[in-house]
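Student: Quick one: sequence and predicted model below, then my questions.
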Amino acid sequence: MLPFLLYLTAGVVTGVPVLYALGWAVWGAPISTWKYVSLLGSLVLVFSAYVSLVRAHAAARLALVGAIMVWSFYLPGIIGLTAAKLSDQRLTIRIMKWSPSDEPLVISDSLDKILGISGARLSNAEIAQLKGIGIGGSVENCQYSFFGKGKSSRAIIIMSHPVPHPVDLPEPNATNIIYVQYGQEWKRYPLNAATLKRTIRLEPIWEDPRQSMLKVELASGARQGYEIDFQPKRDTTGLKR
């Protein structure tokens, strides 16, 4: 009876996390073939538990095969999870809408009052960084969010219009970066800032060309994000402003 309980418990305990990992595919996490191999290995362990009731030696051989199949995913998974934890960071993203002109830069910032979140307002350092890149016109601090845990990174994304095609901006690596949309091109300030392989993706929303979608790649490989709305604001009288 002991082998039965051992193999059955091992099959269930190793199979449930793999099913959970496969569920992350809904949020954009990559799916490895080894996840399916590992899940099959867990089923082999469960099957070997019932075989052990009649043929102990055959069950032991089956359980060994199942364990090898399980570890084909778990060992790289443990290594990948450790690497993800070490590379995770708290990434703060600000979306700023830009109306370009030849006039000196004017910064509109009342986001902390709207959201009621401490830190939503631009810091003095961020304001100085914005003024230092040399753009003109007016910018409005309109959206603020953060993702992940760990070392602090900040990205300010300055947009003049919705994106017409997908754009991948590399995530800052424990530093501050400003991305500016110049027509169909993007520039990064400072240019030599350290970045990760993970990206901040901007995509058009085909059903509504007045909006874009922002998706941040997490350390797990999944993406989270939200919509950026470029529709004109309306006042209480219903007039555009």
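Tutor: Structure received.
Student: and the next element down the chain from the worst-scoring helix or strand of the chain on mean pLDDT?
Tutor: Lowest on mean pLDDT, DSSP states H and E among the helices and strands of the chain sits helix 111-115, with a mean of 69. Reading on from helix 111-115 to the C-terminus, the next helix or strand found by DSSP states H and E is helix 124-132.
Student: Return the set of buried residues in that following helix.
Tutor: 126, 129-130 (16 or more other C-beta atoms under 10 Å). Quick note: C-beta positions are derived from backbone N, CA and C, even for glycine.
Student: and the residue of the chain most remote from its centre, what element?
Tutor: Distance from the C-alpha centroid of the chain, by C-alpha atoms, centre = their mean, peaks at V54 (49.2 Å). Following DSSP H and E, there is no helix or strand that holds V54.
Student: gap between it and P3?
Tutor: Applying C-beta to C-beta, to the nearest Å, the value for V54 to P3 is 11 Å.
Student: Likewise for I200?
Tutor: 51 Å.
Student: which one of these two has more residues nearby?
Tutor: Relative neighbour count places I200 above the other of I200 and P3, with 23 against 16, counting by other C-beta atoms under 10 Å.
Student: Going by neighbour count, list what's buried in the top helix by length along the chain.
Tutor: Across the chain, the longest stretch assigned as helix under DSSP state H is helix 56-87. Within helix 56-87, the residues that count as buried by 16+ other C-beta under 10 Å are 59, 62-63, 66-67, 69-74, 77.
Student: Now tell me what touches stretch 184-194 from outside.
Tutor: Applying C-beta atoms under 8 Å, 6 or more residues apart in numbering, the contact partners of stretch 184-194 are 129, 132-133, 164, 167, 169, 172-180.
Student: In helices only, show me the residues you listed.
Tutor: 129, 132.
Student: now, the most widely separated pair of the contacts of stretch 184-194?
Tutor: Greatest spatial distance among the contacts of stretch 184-194 (C-beta to C-beta): P164 and A174, at 31.7 Å.
Student: which regions of the chain lie under the pLDDT threshold?
Tutor: Within the chain, the set of residues satisfying pLDDT under 70 comprises 25-30, 80-81, 112-119, 232-241.
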